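[1] predicted structure and sequence below. I'll ask about it afterward.
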Amino acid sequence: MEFRQLSYFVAVAETGSISAASRRVHVAQPALTRQIRLLEESLEVNLLERHARGVRLTVAGKALYEEAVMLLDRRTRIKTRLTALGSGLTGKLGLGVTVTHLWVPEVAALLRCYRDRYPEVGFEVFPLLSGPQLDRLREGTLDAGILYLDSAEQQGLETRRLQGDYLMLAVPADSHWASSPPRQLKELEQADFIWGFRSVSPVYYDRVMAHFQRLDFHPRVVQFGADNIAILSMVAAGLGIAIVPAASASHPMPGIRFLQLEELTHSDMPLWLAWRSGNDSPALHNLVALAEASFTPARGSRPGDPA
């Protein structure tokens, strides 16, 4: 018994005629008659009673018709589901995003576009620092991440550079720095800085410190925050000043003034998309394609860079 034979049989049952059924399924009448007979032989039962005006179902034929309709409908649902999974229209996708970049216009647009285009995908976004993202990507508990990396070569991962970023100074809005901004980092040697822990984002931390080492700048750290949101909250409370990614200014916070210093704009803090090598999820590859279309080299460039 084949699905093809069942579909022919359903057509005969619903039209009550071999000739009408042959027109519906676009199969020559002799071939259709042969397939029905083969179906009866495989089941060892008569399904149709022939008469002058056409055919009618036997008791066995009526029972098969009910089952055949359900089987063909289920087959269609299975094919539709598998096609949707294979094209990334359904499924699940977990994406990590650094807390700083949740409000960056290009990242927000990517999230919105993915949700609009693939509404049936179970799409989860996790605000995570770069370090935890890398751990979860390699464990396989996260499908993709938008994060800081030190290079494109990452063991066990594939990467795409999304855009550049640089560093900015964040100061309390009522501080003297806000009204009289420094021109060089050396003016801040005695300032109270709020910093992040290296353990939560080693790549970002080391990249920032390497830039400061090149400038021979040694900030005096008096407070620590778990992430940039916590650090900026402490700045707003007047506990000190901080150096943060320029992307932080995409989500202005009350009580904070963001300042650009030439020495900080020359830092290179690229943002990357990463995912585990060998992950062949269509839902993931749809995200990668959208990300490549959403970010351009000119977006996120430093002040003064050519557009």
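    That came in fine, so what should we check first?
[2] all strands for the protein, in order.
    Ranges of strands in the chain, per DSSP state E, are 48-51, 54-57, 91-97, 121-127, 144-148, 157-163, 167-172, 192-196, 220-225, 242-245, 256-259, 271-276.
[3] where in this protein is pLDDT low?
    Across the chain, the ranges flagged by pLDDT under 70 are 80-90, 296-307.
[4] all helices for it, in order.
    Secondary structure of the chain by DSSP state H: the helices cover 3-15, 18-25, 29-43, 59-86, 105-117, 130-139, 176-179, 202-215, 228-236, 262-265, 282-294.
[5] identify the residues contacting the third one?
    Contacts to helix 29-43, defined as Cβ atoms under 8 Å, 6 or more residues apart in numbering, come from residues 1, 4-6, 8-9, 12, 18-19, 21-22, 25, 27, 46-48, 60, 64. To be clear about C-beta, it is placed using only N, CA and C from the backbone, and glycine gets the same treatment.
[6] of these, keep whichever come out buried.
    Among these, those buried by neighbour count (16 or more other Cβ atoms under 10 Å) are 5-6, 8-9, 12, 18, 21-22, 25, 27, 47-48, 64.
[7] nearest to residue 136 among the residues you listed?
    residue 6 (46.7 Å; Cβ to Cβ).
[8] that closest one contacts residue 73, doesn't it?
    No: applying Cβ atoms under 8 Å as the test, residue 6 and residue 73 come out as separate, 11.2 Å apart.
[9] quick check: bridge partners of residue 95?
    Beta-bridge partners recorded for residue 95 (DSSP bridges): residue 125, residue 144.
[10] how close does it get to residue 164?
    Distance of residue 95 to residue 164, given as Cβ to Cβ, to the nearest Å: 21 Å.
[11] next: residue 45.
    Counting by Cβ to Cβ - residue 45 and residue 164 are separated by 73 Å.
[12] more neighbours: which of these two?
    Taking neighbours as other Cβ atoms under 10 Å, residue 45 and residue 164 compare with residue 164 leading, 18 against 14.
[13] what sits against the closest residue to residue 295 other than its chain neighbours?
    Counting by Cβ to Cβ, 6 or more residues apart in numbering, residue 295 lies nearest to residue 162, which is 4.3 Å off, once chain neighbours are set aside. Neighbour list for residue 162: 106, 146, 270-273, 291, 295, 300 [criterion: Cβ under 8 Å, 6+ apart].
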